[in-house]
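J.: Return atomic coordinates for the entry below.
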Amino acid sequence: MSEKESDVMKENRSPSPDDEGLPVPGSHERTVAERKLVRKLDMRLLPTIFLIFIMNYIDRNGVTTARLKGMQQDLHINDLQYATVIAILFVSYCPAQIPSNMILNKVHRPSLYIGACTVLWGITSALTGITKNFAGIIACRVFIGLPEAAFYPGAIFLLSRWYTKKELAFRSAFLYAGLLISNAFGTLMAAGILANMEGKRGIRAWRWLFFIEGAITVCVGINSMWLLPDYPHNTRWLSAAESRLAQARLSEDAGEADKDNEEDSQVQGLIMAIKDPKVAIFALMTISQLLGLSFVQFFPTLTQTLGFSTTVTLLLAAPPWILASIICCLNAWHADKTGERFFHIAAWWWGVILGFIIALSTMNTAGRYVSLFLMACGYVGFAMTLVWVSNAVPRPPAKRAAAIGIVNGCGNIGNVMGSYTWKSTWSPKYHQSMAISLAALVFSTFLSYVIRQMLVRENLKLDADEKLALEGANRTRVEEAARLEGITFEQAMERRKGYRYLY
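T.: Numbering: from 1, shown residues only. Purely as a prediction, here's the structure:
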């Protein structure tokens, strides 16, 4: 029997004596069982994706720290070419995210898919250290974007297959804290490598930076293949009862089973996502948001304008991101507790705007360093963006996977635009760059408010007429939810009435 056939049989099997009779939702036994399951997932899934995300951004942004130790001069590239080196990654990274998430929803072993992609980008990152010219580093940047496209939107989709909408924000923020920590840890690691590896074995320190970081990523990717879960119905390290409970939790959360029907093909999911106006507005909002936050690609350069040495500059670049990672988790925890989304995302952009205003107003070292803390905290809001997409486009999984890929893939166009926004000719003040970014965040705030009002209106309609809550229900998925819970179809439909969007 093939592995695929085994997975299908496991998903559709009749309940065995070991997994029949799930505790009643809301009962003490059910609460204890769910807590045990969630704790088991948290201990295995979250540390793994956290570590992968740290290496993801360390590898991606290695060129920004390598630039401080002579990479640009050794490769004989000018400032415009350097901006192209930053931007070219997104030429492959952005469009690859949509088909990658569609593939992820189709494959039966996402642990192997994500792990293999991690190994591939680690190898490509290491190869960046042997480049000799502009063409070589461009080739590495293009090819590193392809496997990296699988990770962040793929990880968010994988989390959405395991956690309820009231649990997802904190887990996604914990993942994204890996990015924020990578900006701190990456600069600290780079400071050590660039300060101590210069000329070792006749190799420049910036080349050692890529060799060492790439090798670490390959090791992380190999280990992630057995650490990561697959899906609730086929994860090998869950018991039959835990597998059924994992599926039932998500069915109860949305009133429908979290699975695709036979008619829900990956292409059909893509078409449904494209037709949903919320997805298009989310994508435009993310483009504007990432343009406003594009300073991240030049953060060491901005820190260097404070006037310190390379090593001190890299050390000073770390604290803003450590603070941002802590606030990121606290913000998401509160968002899960309250079920609120808009203010937990947009309010942090207003902090970035305040940081820009401070930096535009003074060249004082302390004032500009404070502005860097405010700017770094802007990514606290971005950590919640794909969570909101997942909440607003819950079913079917094929549509949700495509929507997440579209929003994050198109959204990274903002990073491409931002690569040319922070010009060295505008240093050290970067007034023009900050003005562009400020305007982008104002526009992003407006679009997020539009989305909020759309969801508010949808919930008001559901409150006014409960029949509308049933119109969008898919009978097959509701029947599957009823089977998992051991209740009647009519009881499952009653639960479906209680579903509301988070805004």
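J.: so what's W333 closest to, chain neighbours aside?
T.: F170 (4.9 Å; Cβ to Cβ, 6 or more residues apart in numbering). Just so you know, the C-beta spots here come from the backbone N, C-alpha and C atoms, and that holds for glycine as well.
J.: So which bits of stretch 120-131 are buried?
T.: In terms of neighbour count (16 or more other Cβ atoms under 10 Å), stretch 120-131 has its buried residues at L120, W121, G122, I123, T124, S125, A126, L127, T128, G129, T131.
J.: The fifth one against A139, yeah?
T.: By that I understand T124. No: counting by Cβ atoms under 8 Å, T124 does not reach A139; the two are 9.3 Å apart.
J.: Quick check: what element follows the helix or strand hosting L194 along the chain?
T.: L194 belongs to helix 168-196 when assigned by DSSP states H and E. Counting by DSSP H and E, the next helix or strand C-terminal to helix 168-196 is helix 205-227.
J.: what is the orientation angle of that next one with helix 168-196?
T.: 150 degrees (axes from the mean of the first three to the mean of the last three Cα atoms, to 10 degrees).
J.: same for the helix or strand that comes right after helix 205-227, what does it pack against?
T.: Sequence order places helix 240-254 as the next helix or strand after helix 205-227, per DSSP H and E. Taking 3 or more Cβ pairs under 8 Å, 6 or more residues apart in numbering; DSSP states H and E as contact, the helices and strands that helix 240-254 lies on are helix 28-60, helix 475-485.
J.: Check the offset of helix 240-254 from the chain's centre.
T.: Relative to its parent chain, helix 240-254 has a centroid offset of 24 Å by Cα atoms, centre = their mean, to the nearest Å.
J.: quick one: average confidence on that helix?
T.: Helix 240-254 shows a mean pLDDT of 82.
J.: show me where the stretch 51-200 of the chain has helices.
T.: Taking DSSP state H, counting those that start in this stretch as the test, the helices found in the stretch 51-200 of the chain are 62-66, 71-74, 79-106, 110-127, 134-148, 152-160, 168-196.
J.: Could you pull up the residues touching G70?
T.: R204, W206 (Cβ atoms under 8 Å, 6 or more residues apart in numbering).
J.: Quick check: buried residues in stretch 316-325?
T.: Those would be L316, A317, A318, P320, W321, I322, L323, A324, S325, for stretch 316-325 by 16+ other Cβ under 10 Å.
J.: ok now that stretch, how far from the chain's centre?
T.: So, by Cα atoms, centre = their mean, the centroid of stretch 316-325 is 19 Å from its chain's centroid.
J.: And the contacts of it?
T.: Taking Cβ under 8 Å, 6+ apart as the rule, stretch 316-325 contacts 177, 180-185, 187-188, 299-300, 303, 306, 308, 369, 372-373, 375-377, 379-380.
J.: Show me which of those residues are buried.
T.: Buried among those by 16+ other Cβ under 10 Å: 177, 180-185, 187, 299-300, 303, 306, 369, 372, 375-377, 379-380.
J.: Find me the pLDDT at the most centrally placed residue in the chain, would you?
T.: Closest residue to the average C-alpha location of the chain: Y152 at 3.9 Å, with Cα atoms, centre = their mean. On pLDDT, Y152 comes in at 85.
J.: and the closest residue to A347 other than its chain neighbours, what pLDDT?
T.: Leaving aside its sequence neighbours, A347 sits nearest to G381 (Cβ to Cβ, 6+ apart; 7.2 Å). Looking at G381, its pLDDT reads 89.
J.: and G381, what is it in contact with?
T.: Contacts of G381 by Cβ under 8 Å, 6+ apart are Q289, H344, I345, A346, A347, W348, W349.
J.: For the last one, what is the enclosing helix or strand?
T.: The secondary structure element spanning W349 is helix 342-361 (assigned by DSSP H and E).
J.: what's in contact with whatever helix or strand comes next after that helix?
T.: Sequence order places helix 365-376 as the next helix or strand after helix 342-361, per DSSP H and E. Residues outside helix 365-376 that contact it (Cβ under 8 Å, 6+ apart): 180, 183, 293, 295, 299, 302-303, 305-307, 316-317, 319-321, 323-324, 351-352, 354-356, 358-359, 361-362.
J.: which residues of this structure score low on pLDDT?
T.: 1-21, 253-264, 395, 464-499 (pLDDT under 70).
J.: Measure how buried the nearest residue to F151 once chain neighbours are set aside is and give me the count.
T.: Counting by Cβ to Cβ, 6+ apart, N56 is the residue found nearest to F151 once chain neighbours are left out, at 5.6 Å. For N56, the neighbour count with other Cβ atoms under 10 Å is 26.
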